[in-house]
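> Structure, please.
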Amino acid sequence: MAAIVRAAAASDESDSDADIVVAEASDSDADVAVAAVDVRATPASNDSDSDADIVVAEASDASDADVADVDTSAAPWYDGAAVRRAAAACAGPAGYAVVDGVLAAAALAELAEDAPRAAYEAYAFRSDDGEKHAEPRVAEWLVDDWAAPTRLVRRLRAFGDAVAADARAAAPALGLDGHVAAKLGRQAAGGGLPAHFDNYGPPSKRGLTAVLYASDAFRSDDDGGRLALYPFLRRPRRVAPRQNRLVLLRSDRVLHAVEPWRRAGAFRYACSFWFRSAAAGAPAPAPPRTFASHDAAATWFAASPRLREVAPFVYDAAIARAARAAAAGAPRAALLRSHAAARDAALRKFGAPLLAGLDARRAAVDARGCLGSDDDGDDGDDAPWERDE
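Residues are numbered from 1 along each chain as shown. Next comes the predicted model:
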């Protein structure tokens, strides 16, 4: 008989240990022991590592157009068809997709030329106590004036509007409303970002994130700076920041981090966009009162933004590793302290049996190795996550 996993009450207000328990459904200890769960029995929707998880397309050879007059849904400087396919993939189980060659040459050259001239400000990590910790190797520029009469802002606005229109058309389930926010990020050698979600819950309404790499600074694996993706209970993937590559991911579903940039004398640049969704800003439904098995629990959490609450336990090692890589000294200590608090909160709220069942499935998937993203196969599908490439 399968173990019965009891979930939190519908109000979901309690943090007691009894919120989620594995009930003794028979006289056999094997029915309730986490060790007895077959970790190979991952949900079918999370078991595929097909090419559909990542969409790779080439840009057209069309010439650039004036962004002031262009219809962004069919822009010759922008490969909307590839973005629509990627957005549709994001609405699926993987929650992310990658597009290569999204911009035509002239538009790409403009962004690559203009991005270094932005008014970057120092970045700071914020710990759970609200304290900010400066990270001098990372800087950002928030685009807070979309009406600014500069070529950079016009191009970023045109790109953001184009992606918003195509994503809304291709993935109505995401509930995007067309609102776009953006920033440019810059990393010096040694700079990285810890593992995080772009939307941790209300009041944030971020539904979809887009990251565009316009710079040609990434030349080889030795340069680092890969985007590490942790789709829930799926194989992790490391995406190289190659020029003219676009990554789309669900803001409230895909845990991600940026590995330290290693190339001295050159900056790593990334253009980030966030697309608003009323659905992503609404409180997530509470788990059902009971799950018939650990597999049923894994399937439910994988399809819910509630995965953010169990991720600190399920992805404990990955989050801690990313924190250590992204910061040193007091900022590192603050990040690790915040993570430990989130991990312990998940344990109190959901209980060890359910979390151990989810973690066992994550470990089984991770054992198959980290996926690479490059079409030249230089990092391979079987490269272990720990490998330093």
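
> Could you pull out the strands in the stretch 1-150 of the chain for me?
Secondary structure of the stretch 1-150 of the chain by DSSP state E, counting those that start in this stretch: the strands cover 4-6, 21-23, 96-100, 121-126, 132-142.

> Redo those strands as a markdown table? Include distance to residue 333 and mean neighbour count.
Bear in mind the C-beta positions are built from the backbone N, C-alpha and C, glycine included. Formatted as a markdown table, the strands of the stretch 1-150 of the chain follow (distance: least, CB to CB, whole Å; neighbours: other CB atoms under 10 Å):
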| stretch | distance to residue 333 | mean neighbour count |
| --- | --- | --- |
| strand 4-6 | 35 | 22 |
| strand 21-23 | 34 | 18 |
| strand 96-100 | 30 | 25 |
| strand 121-126 | 11 | 15 |
| strand 132-142 | 9 | 17 |
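
> between those strands, which gets nearest to residue 163?
With CB to CB as the measure, strand 96-100 is the member of the strands of the stretch 1-150 of the chain nearest residue 163 (10.0 Å).

> helices and strands around the helix or strand containing residue 325, which ones?
If you go by DSSP states H and E, residue 325 is part of helix 316-326. Secondary-structure packing of helix 316-326 (3 or more CB pairs under 8 Å, 6 or more residues apart in numbering; DSSP states H and E): strand 193-196, strand 227-230, strand 255-258, helix 329-350.

> right, and the helix or strand after the last one?
Under the assignment DSSP H and E, the closest C-terminal helix or strand after helix 329-350 is helix 352-366.

> Check which helices and strands the helix or strand following that following helix is in contact with.
As assigned by DSSP H and E, the chain's next helix or strand after helix 352-366 is strand 371-372. Counting by 3+ CB pairs under 8 Å, 6+ apart, the packing neighbours recorded for strand 371-372 are strand 237-239.

> and the strand it packs on, average pLDDT?
The pLDDT scores in strand 237-239 average 97.

> Adjust the sequence numbering to begin at 124 for everything that follows.
That works, and once the first residue is 124, the last one we named lands at strand 360-362.

> Check which helices and strands the helix or strand just after it is in contact with.
With elements assigned by DSSP H and E, the helix or strand that comes after strand 360-362 is strand 368-373. Under the contact criterion of 3+ CB pairs under 8 Å, 6+ apart, strand 368-373 touches helix 203-213, strand 219-223, strand 329-336, strand 350-353.

> For the nearest residue to residue 370 once chain neighbours are set aside, the count of nearby residues, please.
Using CB to CB, 6 or more residues apart in numbering and skipping residues adjacent in sequence, the residue nearest residue 370 is residue 334, 4.5 Å away. When neighbours are counted by other CB atoms under 10 Å, residue 334 registers 21.

> Kindly report the same for residue 314.
Neighbours around residue 314, by other CB under 10 Å: 24.

> By mean pLDDT, flag the weakest helix or strand of this protein.
Least confident element among the helices and strands of the chain, by mean pLDDT, DSSP states H and E: strand 144-146 (a mean of 40).

> Endpoint to endpoint, stretch 213-221 covers what distance?
End-to-end distance for stretch 213-221: 10 Å, by CA to CA, to the nearest Å.

> typo on my end, stretch 224-240
Termini of stretch 224-240 sit 23 Å apart (CA to CA).

> chain center to that stretch, what's the gap?
In terms of CA atoms, centre = their mean, to the nearest Å, the centre of stretch 224-240 is set 24 Å apart from its chain centre.

> now swap in stretch 392-399 and tell me
How far stretch 392-399 lies from its chain's middle: 12 Å, per CA atoms, centre = their mean.

> can you give me the mean pLDDT across it?
98.

> What of stretch 214-225?
Stretch 214-225 comes out at a mean pLDDT of 96.

> again, but for stretch 402-413
Here stretch 402-413 scores 91 as its mean pLDDT.

> do stretch 460-479 as well
Looking at stretch 460-479 alone, the average pLDDT works out to 96.

> quick one: buried residues of it?
Applying a neighbour-count criterion of 16 or more other CB atoms under 10 Å, the buried positions in stretch 460-479 are 461-462, 465-466, 469-470, 472-479.

> what about this protein, any weak spots by pLDDT?
Scanning the chain for pLDDT under 70 picks out 124-198, 496-512.

> Let me see the domain layout of it.
127-168+409-489, 176-405 (automatic domain parsing).

> Of all those domains, which one is nearest residue 495?
Within the domains of the chain, the stretch nearest residue 495 is domain 176-405; the backing value is 6.3 Å (CB to CB).

> gap between the closest one and the chain center?
Worked out by CA atoms, centre = their mean, domain 176-405 lies 11 Å from the chain centre.

> Determine how far the last residue of stretch 377-389 lies from the first.
One end of stretch 377-389 sits 28 Å from the other (CA to CA).

> quick one: contacts for residue 403?
297-298, 322, 327-330, 374-375, 428 (CB atoms under 8 Å, 6 or more residues apart in numbering).

> what's the helix or strand for it?
Per DSSP H and E, there is no helix or strand for residue 403.

> For it, give its distance to residue 214.
The gap separating residue 403 from residue 214 is 12 Å, by CB to CB, to the nearest Å.

> so what sits against both of the two?
residue 297.

> thought residue 283 was touching residue 396?
Yes - here residue 283 reaches residue 396: they are 4.9 Å apart, a contact under CB atoms under 8 Å.

> list the residues that contact both of those two?
The contact sets of residue 283 and residue 396 overlap at 303, 305, 333 (CB under 8 Å, 6+ apart).

> who touches the closest residue to residue 386 other than its chain neighbours in this structure?
When the adjacent residues along the chain are set aside, residue 386 lies closest to residue 346, with 4.3 Å between them (CB to CB, 6+ apart). Applying CB under 8 Å, 6+ apart to residue 346 gives the contacts 340, 384-386, 391.

> Now the buried members of those residues.
The buried subset of these (16+ other CB under 10 Å) comprises 340, 384-386, 391.

> Thanks a lot, see you next time.
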